[in-house]
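>>> With the sequence up front, the predicted model follows.
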Amino acid sequence: MHSTRVLVTGGAGFLGSFLCERLLDDGYEVLCVDNFFTGARDNVRHLMDNPRFELVRHDVTFPLYVEVDEIYNLACPASPIHYQFDPVQTVKTNVHGAINMLGLARRTRARIFQASTSEVYGDPAVHPQPEDYRGSVNPIGPRACYDEGKRCAETLFFDYHRQYGVDIRVARIFNTYGPRMHPNDGRVVSNFIVQALKGEPVTLYGDGSQTRSFCFVDDLIEGFVRLMRSDEVGPVNLGNPAEFTVRQLAEMVIDLTGSPSRIVYRPLPQDDPLQRKPDIARARSVLGWQPAIPLRDGLARTIAYFDERLTGAHARGIM
Ligand code: NAD
Ligand code: UDP
Ligand code: UDP
C-alpha cells in the first residue's frame, strides 16, 4: 500500500507552498508542479529535504502524465498586475490548464480541487455574496482574462463531473494574505506592508472606501483540506467575512508597523469591485469551518515576515 500521492499545481506560489507543507505534515506524498511565473523555488526550499516531496517545473497548459490520487489545481497568477501581464496566457492557464488537469483526474480517477475565486462574482450587485449569486463580470475588461477564465474553469469542472463522473471540489477563495506573498505582487496587503516598512507613501487607490474581506492563509488552508475530505462538491466560499475598507487596512498597517508613512491617493483601476464579503454559511454548515485569525493578528504575523525579508535583503544589498 503506497501513501496517498497528491499533485499540487502552482505549489511553489503563496497559497500552494502552505498547502504542500500542510499535506506533508499530514503524511501525504506531494508532487509540486509549477512554471515559476509568480512562484519561486525559495517558497518550498524548506520542504526539499523531505523524501515525500518532489518539485517539477512544468506549465499546466501542456499535458501532464503522472500517477496521482488527488489533485489541487492552484496554478494561475492571482494578482492583477501579474495576470494582466500576459492576459492570453492567463486564459490558457485557466482553461487549458483545467482541461489537462481534469483529463488527468479522469484517467487516474483522482479527486480534483479547483482554486476558484470571489472574482467570479465580479463587481457584485448582491452583498455579501452567497454561492448561488451568479455575478456581474465585464467579459471584455482588463480583469476578464482572470474572472472569465476562472468562470470557464468552473464550467469545465462541473461538465467533467456530470459527463464523466470526475470527483470534483470547487472552492471560491476570497482575498487571502500572509507570509510568502510576493513583495512586488501588487496586491493590497503586501503593497501596504512593504511601503510602510520602507517608510514610503502608502498608495490608496480611489478614495479607499471600497471594501474587501481578508483571510489569513492558515485559516484558508484548513478550509481547503476540509473541503477536499468532505462529500461537498461545491462551490463553497472560503474567506473571512470581517469586512474592512481599504482605507481602514492602510491605517491598521501604518499603526502596526509604527511607520512614519503617509497615505497618498492614486486612481482607482478599471473594473475594481466596490465591495466584497463572503457569505460563508455553506462552509460553516457543511465543513464546520470558519476563520479563527482576526485581521490585526494575521497582519502582525505578515509584517514580521516582510520585516525579516526586507532587513535581510537590505543587508545583502538587493532591495
Ligand atoms: P501565486 O501567484 O503566488 O501562485 C500561483 C502559482 O501558480 C505560482 O507559483 C505560479 O508560478 C504558478 N503558475 C502560474 N501559471 C502557471 C502555469 N501555466 N503552469 C504551472 N504553474 C503556473 O498566487 P496564490 O495567491 O498562491 O494563488 C493560488 C491560487 O489561488 C490561484 O489559482 C488563484 O487564482 C487562487 N486565488 C487566490 C486568492 C488570494 O487571495 N491569494 C484569491 C482567490 C483565488
Ligand atoms: N491529459 C493529461 N494527462 C492525462 C490525461 C489527459 O494531461 O493523464 C490531458 C490531455 O492533453 C487531454 C486533456 O487532458 O487533451 C483532456 O483529457 P480528456 O480525456 O478529457 O479528453 P481527450 O483526451 O479526449 O482530449
Ligand atoms: N489597492 C490599493 N492600493 C494598492 C493596491 C491595491 O488601494 O497599492 C486596492 C485595489 O484597488 C482594490 C483593493 O485594494 O480595491 C484590493 O486589491 P488587490 O489587488 O489586493 O485585490 P483584488 O482587487 O483582486 O481584490
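That came through fine. Ligands and ions are numbered 1, 2, ... in the order given.

>>> Distance from the host helix or strand of residue 100 to the middle of the chain?
Assigned by DSSP states H and E, residue 100 belongs to helix 87-108. Distance, stretch centre to chain centre, for helix 87-108: 17 Å (Cα atoms, centre = their mean, to the nearest Å).

>>> does ligand 3 sit close to the next helix or strand after it?
Once helix 87-108 ends, the next helix or strand along the chain (criterion: DSSP H and E) is strand 111-117. No - contact between strand 111-117 and ligand 3 is absent, the nearest approach being 8.4 Å (criterion: Cβ under 6 Å from any ligand atom). C-beta here means a position set from N, CA and C on the backbone, and glycine is covered the same way.

>>> Taking their axis directions, strand 111-117 and helix 87-108 sit at what angle?
Per axes from the mean of the first three to the mean of the last three Cα atoms, to 10 degrees, the angle that strand 111-117 makes with helix 87-108 is 160 degrees.

>>> Pull up the residues of the stretch 51-200 of the chain that are close to ligand 1.
Listed as neighbours of ligand 1 in the stretch 51-200 of the chain under the rule Cβ under 6 Å from any ligand atom: 59-61, 74-78, 93, 97, 115, 117, 173, 175-176.

>>> What lies in contact with the helix or strand of the chain with the lowest mean pLDDT?
Least confident helix or strand, the chain: helix 295-315 with a mean of 88, by mean pLDDT, DSSP states H and E. With Cβ atoms under 8 Å, 6 or more residues apart in numbering as the contact definition, helix 295-315 has outside contacts at 177-181, 183, 189-190, 193-194, 197-198, 214, 216, 240, 242, 244, 249, 252-253, 256-257, 319.

>>> got the phi/psi numbers for the closest residue to ligand 3 within the stretch 201-319 of the chain?
Residue nearest to ligand 3 within the stretch 201-319 of the chain: residue 205 (3.5 Å; Cβ to the nearest ligand atom). The phi/psi pair for residue 205 (degrees, to the nearest 10) reads phi -90, psi 130.

>>> Neighbours of it, how many?
15 (other Cβ atoms under 10 Å).

>>> Pull the contacting residues for it.
246, 265, 266, 267, 268, 269, 272.

>>> Retrieve the pLDDT associated with the nearest residue to the fifth one once chain neighbours are set aside.
The shortest distance from residue 268 to any residue other than its chain neighbours is 3.3 Å, reached at residue 206 (Cβ to Cβ, 6 or more residues apart in numbering). At residue 206 the predicted local confidence, pLDDT, stands at 96.

>>> next one: residue 1
On the pLDDT scale, residue 1 gets 50.

>>> Name the secondary structure element that contains the residue nearest to residue 99 when sequence neighbours are not counted.
Nearest residue to residue 99 in three dimensions, chain neighbours excluded: residue 156, at 6.2 Å (Cβ to Cβ, 6+ apart). Per DSSP H and E, residue 156 falls inside helix 144-164.

>>> Could you list the paired strands of the helix or strand following that helix along with their orientation?
Tracing the chain past helix 144-164, the next element assigned as helix or strand by DSSP H and E is strand 168-173. Strand 168-173 pairs in its sheet with strand 111-117 (parallel), strand 236-238 (parallel), by DSSP bridges.

>>> quick one: the longest one near ligand 2?
Think strand 111-117. No - Strand 111-117 lies out of reach of ligand 2 by Cβ under 6 Å from any ligand atom, never closer than 11.7 Å.

>>> Helix, strand or coil: sort out whichever residue of the stretch 201-319 of the chain sits closest to ligand 2 for me.
Closest contact between the stretch 201-319 of the chain and ligand 2, by Cβ to the nearest ligand atom, is at residue 233 (18.3 Å). Assigned by DSSP: H, G, I helix; E, B strand; the rest coil, the conformation of residue 233 is coil.

>>> surely it meets residue 168?
Yes - look at residue 233 against residue 168 with Cβ atoms under 8 Å: they come within range, at 5.8 Å.

>>> shared neighbours of the two, anything?
Residues touching both residue 233 and residue 168 (Cβ under 8 Å, 6+ apart) are residue 161.

>>> As a check, name the ranges of all helices in the stretch 201-319 of the chain.
217-229, 246-257, 281-282, 295-315 (DSSP state H, counting those that start in this stretch).
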